[in-house]
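Colleague: give me a model of this one.
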Amino acid sequence: MSPYLVIIPTYNEIENIDRMIHTVMSLEKNIDLLVVDDNSPDGTGSAVKSLMPQFPERLHILERTEKNGLGTAYIAGFHWALSKGYEYICEMDCDFSHPVDQLPRLIEKCENGADVCVGSRYVGGVVNVVNWPMGRVLMSYYASKYVQFVTGLNIADTTAGFVCYKRKVLENIGLDDIKFRGYAFQIEMKFRTHRKGYSISEHPIIFTDRTAGTSKMSTKIFREALFGVLELKIKSWLGRK
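Modeller: Next up, the predicted model:
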């Protein structure tokens, strides 16, 4: 078994899942893949299962009965990964917005000392985003600045969802206490990692907006991130988890 795993949550990703699986399986580093599917009505889960015989012991699926948020999908995947003994556990979207070929680079930074490595759109003050309208780029960039200011996180891309974690981090940050389900989940994971004293590195990537399938972003998810950051900081002042 490989010590490396990438977790990809899916809901209606039939247009991307076949190509994504083959892309991960063809990487220079042997990285196993766990798809966490939230009962996609478009047949995403069935597509994964049909490919599993081609990649025995490397391609896995965790099927959930309903769509219940990005955060809970990742937490379920993290618990699965820990139970199977993986040492380096990554997270990534299914829509090819994250550059799959950079997965080995994130893992290598963790192998060389970092506890967590974030694939960053904004490291060094450079905005590396393709196919987003300028308004969305600015909103995302300044949202990360806002999170940095409120939380004290020294990370340029605080909302990034392309991340590699060492096993010990996931074992010790209290996965079952994480509250947020949307993109605030990504912030809370990094905040808890920082509060535990683990080191977080960033690796520059070029983020490309999806060209197939439908975005899961919503106003509700954005509000959760905006106000959830304040809640995280206030609870940390009060000494709560």
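Colleague: could you list the low-pLDDT ranges of the protein?
Modeller: Within the chain, the ranges that satisfy pLDDT under 70 run 125-139, 210-241.
Colleague: ok, 50 please
Modeller: 213, 241 (pLDDT under 50).
Colleague: can you pull out the helices in it?
Modeller: Along the chain, the segments classed as helices by DSSP state H run 17-25, 44-51, 70-84, 103-111, 134-151, 167-172, 184-195, 219-237.
Colleague: can you give me the neighbour number for the closest residue to residue 185 other than its chain neighbours?
Modeller: Spatial nearest neighbour of residue 185, excluding adjacent residues (Cβ to Cβ, 6 or more residues apart in numbering): residue 71 at 3.2 Å. Glycine gets a C-beta too; all of them are placed from N, C-alpha and C. Counted with other Cβ atoms under 10 Å, residues neighbouring residue 71 total 22.
Colleague: you'd agree residue 71 is up against residue 187?
Modeller: No - contact between residue 71 and residue 187 fails when scored by Cβ atoms under 8 Å: they sit 10.5 Å apart.
Colleague: my guess is residue 52 contacts residue 35. True?
Modeller: No - the pair residue 52 / residue 35 is not scored as a contact, 9.7 Å apart, by Cβ under 8 Å.
Colleague: compare these two and say which one has the larger neighbour count.
Modeller: Set residue 52 next to residue 35 and count neighbours by other Cβ under 10 Å: residue 35 wins out with 29 against 15.
Colleague: residues contacting the more buried one?
Modeller: By Cβ atoms under 8 Å, 6 or more residues apart in numbering, the contact list for residue 35 reads 8-10, 17, 21, 44-45, 48, 59-62, 94.
Colleague: repeat the analysis, applying 10 Å as the threshold.
Modeller: Residues counted as contacts of residue 35 (Cβ atoms under 10 Å, 6 or more residues apart in numbering) are 6-10, 13, 17, 20-21, 44-45, 47-49, 51-52, 59-63, 73, 77, 94.
Colleague: thanks a lot, catch you later.
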